[in-house]
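Participant: Please work out how this folds:
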Amino acid sequence: MTIFHPLAQHEGGRHVITTYGAGKRLRVRTVHVPFRPPFSYALDPLVAMGLPSVDVWFGFNPLACARGLVARAAGRARTVVLWSVDFTPDRFGHGRLLTRAYDRVDRLCCLHADARIELSEAAREARDARHDIRGDGAPTYIVPMGTWLARLPRTARDGFDRKRVVFLGQLVRGKGVELLLDALARLDVEAEIVGGGPLEEDVRRRAAELGDRIHVHGFVPDHRQVEHILAGSSIAVAPYAPDENTYTRWADPGKLKDYLAAGLPIVLTDVPHNAEELAQRAGAELVEYDAAAIADAISRGLASPDRWRGRREAALRYAQRFDWSTLLPELLEQLGLNVMPAR
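Facilitator: Numbering: from 1, shown residues only. This next block holds a predicted model:
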C-alpha cells in the first residue's frame, strides 16, 4: 500500500491511497482535503484510517515515519524505516515554531526507527549535526536516488540534431527556470519545460513572449511521458540557485538521474553535493548562476556532434550505478527483508 500526501502548497489537497497485490494495482482511493500544505500536514494521519498491519513501514518524511512508530507500538508494524528524501537546516524558517516542531519529530524518528536511509553522506552528516546524533540513532544506510533503467527511452545517437533544450522540475524560486528563460532569449533553439508550481503562469507568459519554440507542459502526471520528452531532447539544464539553505546542497535530485538515464549532457550549477563528480565522470558542465553563462554552455554543448556523443556516452555509463533494480534488492537485503521489488 502507498499513501501519497501533498507536500508543497501548489499540489493542493489531493491525497491518494493505492493498494497493490499479485504484482498489480488493485485499488486507488482519492481523498480531497480543503487545506493545502503545510496546514494539511496535521490532517495527514486522518486521511487513511484503519490501515492493515504491515511487515515494513517506510516513512518518507518525519510525520509519516512517526505514524509508523505509533503503529509499531500498537503491534501493527513490525519494522519502521525513515527514508529521508531531502535535508534543509531550517525547514520552515529559522527559529520558527513549525521548524522546531519538525526538528523534534525528525530527531525522534532518527533515534527510534529501526533503520534510517539518507540520499547522500552529506545529508547524513548534516542531519546528525542538526540533531546532535552521535552514533546513538538508528542504523543508517546511504541509498542515492535511482531510476528504472530497463524501461527508459534514451536519446538517439543523432539526438544532437534536434537542438532541443529540456528543463524538468518544480517551477518555484531557486530551481532556476526564470534564469533559463533569460538564457533561452539569447539562443535560437527549441526548449521543453516540464513541471508545475507557483511560477507556472509567469513561465508560460515569458515563454510566449519568446515565440512558439518554447513548450511549457506544466505538471505531467505520467512519468513515462516525461521520459519520452527527455529522450527527445538534446541537452538538459539544472540551474539551481546558490542559496546556502537550499536542500539541493544535501539531497540527490531525482531529475539529474532522469537526465543521465536518458543520455542527456547536463548544464548544471555547482549546488548539488555531487556536481563536481557529474562534471568529471558524467559529461556534465558546471556553470555560474548567470543567464549568459548558461546560454554559452548550451551553445558549446550543441556545437560539436562528436563532443555531444562523448558526453552522451559518459552520462549513460554513469547512470548504470543508479538502477533501482539493483539498489532496492541490495537495500532490502541489508535491512534483512525478504522482499523483491517489482520492476
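Participant: which other helices and strands contact the helix or strand of the chain with the lowest mean pLDDT?
Facilitator: Ranked by mean pLDDT, DSSP states H and E, the weakest helix or strand in the chain is helix 44-47, scoring a mean of 83. Other helices and strands packing on helix 44-47, by 3 or more Cβ pairs under 8 Å, 6 or more residues apart in numbering; DSSP states H and E, are strand 14-21, helix 62-73. Every residue, glycine included, has its C-beta placed from N, CA and C.
Participant: Would you mark the buried spots in it?
Facilitator: Of the residues in helix 44-47, Asp44, Pro45, Val47 count as buried by neighbour count, 16 or more other Cβ atoms under 10 Å.
Participant: right, and out of the residues you listed, which lies closest to Ile17?
Facilitator: Of all the buried residues of helix 44-47, Val47 has the smallest distance to Ile17: 7.6 Å, by Cβ to Cβ.
Participant: wait, isn't that closest one in contact with His32?
Facilitator: No. In this structure Val47 lies outside contact range of His32 using Cβ atoms under 8 Å: 9.7 Å.
Participant: Name the residues contacting each of those two.
Facilitator: His15 (Cβ atoms under 8 Å, 6 or more residues apart in numbering).
Participant: mind showing which ranges of the chain have poor pLDDT?
Facilitator: Confidence mapping of the chain against pLDDT under 70 gives the ranges 10, 244-247, 338-343.
Participant: again, 50 this time
Facilitator: By pLDDT under 50, the low-scoring segments of the chain are 342-343.
Participant: Quick check: Val31 is in a strand.
Facilitator: Yes. Val31 sits within a strand when classified using DSSP: H, G, I helix; E, B strand; the rest coil.
Participant: What segments of the stretch 51-200 of the chain are helices?
Facilitator: For the stretch 51-200 of the chain, helices defined by DSSP state H, counting those that start in this stretch occupy the ranges 62-73, 97-112, 121-131, 177-184, 200-209.
Participant: Now render the buried residues of helix 44-47 as CSV, adding distance to Pro139.
Facilitator: Output for these, formatted as CSV (distance: Cβ to Cβ, whole Å):
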residue, distance to Pro139
Asp44, 26
Pro45, 26
Val47, 30
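Participant: Identify, from the residues you listed, the entry nearest to Gln320.
Facilitator: Of those, the one sitting nearest to Gln320 (Cβ to Cβ) turns out to be Asp44, at 36.5 Å.
Participant: Tell me the spacing between the closest residue in space to the closest one that isn't next to it in sequence and Leu187.
Facilitator: Of all residues not flanking Asp44 in the chain, His5 sits nearest, at 4.6 Å (Cβ to Cβ, 6 or more residues apart in numbering). According to Cβ to Cβ, to the nearest Å, His5 and Leu187 sit 39 Å apart.
Participant: Which one's more surrounded, those two?
Facilitator: Legend: neighbour count by other Cβ atoms under 10 Å for His5 and Leu187, higher for His5 (24 against 18).
Participant: My understanding was that that one contacts Val47; is that so?
Facilitator: Yes. Contact criterion Cβ under 8 Å: His5 and Val47 qualify, at 6.9 Å.
Participant: what touches both of the two?
Facilitator: Here His5 and Val47 have His15 as joint contacts, going by Cβ under 8 Å, 6+ apart.
Participant: Please report phi then psi for Arg25.
Facilitator: Arg25 adopts backbone torsions of phi -80, psi 130, taken as degrees, to the nearest 10.
Participant: what's the burial count for it?
Facilitator: 10.
Participant: Now it: closest residue in space that isn't a chain neighbour?
Facilitator: Nearest in space to Arg25, with sequence neighbours left out and distances taken as Cβ to Cβ, 6+ apart, is Thr18 at 6.1 Å.
Participant: Pull up the gap between that neighbour and Trp324, please.
Facilitator: 18 Å.
Participant: Please compare the two by neighbour count and tell me which comes out ahead.
Facilitator: Per other Cβ under 10 Å, whichever of Thr18 and Trp324 has more neighbours is Trp324, with 18 against 14.
Participant: ok, the nearest residue to the more buried one once chain neighbours are set aside - how many residues close by?
Facilitator: Once flanking residues are discounted, Trp324 sits nearest to Gly146: 4.1 Å by Cβ to Cβ, 6+ apart. When neighbours are counted by other Cβ under 10 Å, Gly146 registers 20.
Participant: ditto for Val81
Facilitator: So Val81, with other Cβ under 10 Å, has 23 neighbours.
Participant: Are we agreed that His217 is in a strand?
Facilitator: Yes. Checked against three-state DSSP, His217 lies within a strand.
Participant: Quick check, it in contact with Val194.
Facilitator: Yes. Counting by Cβ under 8 Å, His217 touches Val194, with 4.8 Å between them.
Participant: which neighbours do these two share?
Facilitator: In contact with both His217 and Val194: Ile229, using Cβ under 8 Å, 6+ apart.
Participant: more crowded one of the two?
Facilitator: Neighbours per residue, other Cβ under 10 Å: of His217 and Val194, the larger number sits with Val194, 22 against 14.
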